[in-house]
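Q: what follows is a predicted structure for the sequence shown.
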Amino acid sequence: MFEVLSEKLNAVFRLLGNRGKLTEKDIDEALRQVRLALLEADVNFKVVKDFTTRVKERSLGKEVMESLTPAQQIIKIVNEELIKTLGDGQGSRLASASQPPSVIMMVGLQGSGKTTTAAKLALHLKHTGHKPLLVAADNRRPAAIEQLVTLGKQLDVPVFNEDPKTASKDICVHAMSEAKKMAATHVIIDTAGRLHIDEEMMAELAQVKKVLKPDEVLLVVDAMTGQDAVRVAEEFHAKVNLTGLIMTKMDGDARGGAALSIRWVSGVPIKFIGIGEKVDAFEPFYPDRLASRILGMGDVLTFIEKAEKTIDEKKALELQKKIKTASFNLEDFLEQLKAIKKMGPLAQLAEMLPGVSKIASRLPDGAQEAQLRKVEAIVLSMTPQERQNPSIIGGSRRKRIARGSGTGTHDVNQLLNQFQQMQKLMKMGMSGKLPKNMMGMFK
């Protein structure tokens, strides 16, 4: 989402880095470029003005003007001010009730992904050791009730639902009784949405809120709607007093300005972000991590967290042993490919690794995934014996593997040659370092 903004900001920083000592004129020109980059990214103009004013005030201070590395100091200031704009120390921690269950009321417009997000939040809570109950209180849309029931079955999370003719507030009261019986830790209420904000919807939400007295009122907003998302957040906050925001479709190709504007304009913290259609494509929001991604510095902590969730610790230790003893084979390589795919799209993973995001952004959309599928197809077309000992693969077998995988003989040869080089390095005790052209497997 932030590729274009990242490239433009990095171009400004490179220009500053070539100047050595900076004058006030240099800083003014750099901030003019930063202002344009933010406005083109659809960031609210008031947010842009406030942001650049704060950066300029700090940039004209001693920490920059008397520094031996002024460009780096400005990058540091921009990073800190981005974090402040995105929410500073406000994390994704959910408020808890003094007596369980904690009640989370999900609100939002129709089409923002509210029902799916309710299920994603339930799965997140389940994975962190909690016992959530989903409540289908959107009695205006029978399809939303069916969708939530289906998602609940898929995730093995209980869903409370009643006849759509039942009033929303009554459904919620009955759901609370059920939650206490089953000793649920959290009750997630999927409330009614509309295609637009209207008084009837707001009155219904206010009534449900009065009955439930929720610990959290979370607004689900679609990041792809740009500044409309900011307006929606302001209106909902004025009517039902929001405690947090969840931004969906953060993996989209919108310019990303809503994410940078919404917290500052509405005063409500972003607590979670949706980064894909899958139910596990959901992350707690960390302002410092997103700021780091925007500036092309990566997000190693999120990368590690994803790896820990998908890579089996026992298998990781076995793999480490194989690498040390140079017995790593294509069977092991296939396992690693599968683990990488579970972690998410390569483009998203690339954003988290410092420096790699710049390379990945130059590749055509989906190029990394396409190459990964090609490599996987080649390895799957081999017999188990060939994967364990690739040296037995002769010329005729290479041709058959190429036909079976829908690739060319040169693709098979390239993969085997690069894998052979990697094994040689392992035998030389250089595990962890890949030859430069090893990356050819993925480009």
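A: Received it, and whenever you're ready, just let me know what you need. Just so it is clear, the model here is predicted, and its values are computed rather than measured.
Q: just checking, what packs against the host helix or strand of K49?
A: K49 is part of helix 45-59 when elements are defined by DSSP states H and E. Applying 3 or more CB pairs under 8 Å, 6 or more residues apart in numbering; DSSP states H and E, one finds that helix 45-59 contacts helix 24-40, helix 70-86, helix 257-266. For glycine as for every other residue, the C-beta is placed from the backbone atoms N, C-alpha and C.
Q: quick check: angle from it to helix 257-266?
A: Comparing the axes of helix 45-59 and helix 257-266 via axes from the mean of the first three to the mean of the last three CA atoms, to 10 degrees yields an angle of 80 degrees.
Q: quick one: contacts of helix 45-59?
A: 27-28, 31, 34-35, 38-39, 43, 64, 73-74, 77-78, 81-82, 84-85, 260-261, 264-265 (CB atoms under 8 Å, 6 or more residues apart in numbering).
Q: for PyMOL, what selects the buried ones among those residues?
A: To isolate the buried ones among the contacts of helix 45-59 in PyMOL, judged by 16 or more other CB atoms under 10 Å, type:
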select buried, resi 27+31+34+35+38+39+43+64+73+74+77+78+81+82+84+85+260+261+264+265
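Q: how far does stretch 220-237 sit from its chain's centre?
A: Mean-position distance between stretch 220-237 and its chain equals 19 Å (CA atoms, centre = their mean, to the nearest Å).
Q: number the chain from 49, please
A: Let's use 49 as the start, then, which means that last one is stretch 268-285.
Q: in that stretch, what counts as buried?
A: In stretch 268-285, counting by 16+ other CB under 10 Å, buried: 268-275, 277-282, 284-285.
Q: go on, stretch 188-199?
A: So stretch 188-199, judged by 16+ other CB under 10 Å, has buried residues 188-189, 192-193, 195-196, 199.
Q: ok, now stretch 228-243?
A: 232-242.
Q: what about it, how long is it end to end?
A: 34 Å (CA to CA, to the nearest Å).
Q: where does N209 land on pLDDT?
A: Looking at N209, its pLDDT is 92.
Q: so it sits right up against P190, yeah?
A: No - checked against CB atoms under 8 Å, the pair N209 and P190 is beyond contact range at 10.0 Å.
Q: so which of the buried residues of stretch 228-243 are in helices?
A: Among these, no member is found in helices (DSSP state H).
Q: can I get stretch 448-462 as CSV, trimmed to CA atoms?
A: Taking Å, rounded to 0.1, in the frame of the first residue of the first chain, the C-alpha atoms of stretch 448-462 are listed here in CSV:
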residue,chain,number,x,y,z
ARG,A,448,10.9,-35.4,-17.9
ILE,A,449,11.0,-33.2,-14.7
ALA,A,450,10.7,-30.1,-16.9
ARG,A,451,7.7,-31.6,-18.8
GLY,A,452,6.0,-32.7,-15.6
SER,A,453,6.4,-29.3,-14.0
GLY,A,454,5.4,-27.3,-17.1
THR,A,455,8.8,-25.5,-17.1
GLY,A,456,11.9,-25.6,-19.4
THR,A,457,15.0,-27.8,-19.1
HIS,A,458,17.1,-24.7,-18.4
ASP,A,459,14.8,-23.9,-15.4
VAL,A,460,15.5,-27.4,-13.9
ASN,A,461,19.3,-27.1,-14.7
GLN,A,462,19.4,-23.6,-13.1
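Q: returning to that earlier point: what's the closest of the helices and strands packed on helix 93-107 to N66?
A: helix 118-134 (8.3 Å; CB to CB).
Q: which parts of the helix or strand following the closest one are buried?
A: Using DSSP H and E, the helix or strand that directly follows helix 118-134 along the chain is strand 150-155. The neighbour-count check on strand 150-155 (16+ other CB under 10 Å) flags 150-155 as buried.
Q: listing partners with orientation, what would you give for strand 150-155?
A: When pairing is defined by DSSP bridges, strand 150-155 lines up against strand 234-238 (parallel), strand 264-270 (parallel).
Q: pick the one among the buried residues of stretch 268-285 closest to A227.
A: V268 (21.3 Å).
Q: for the nearest residue to the closest one once chain neighbours are set aside, give me phi and psi.
A: Nearest in space to V268, with sequence neighbours left out and distances taken as CB to CB, 6 or more residues apart in numbering, is G156 at 3.8 Å. With angles defined as degrees, to the nearest 10, G156 sits at phi 160, psi 170.
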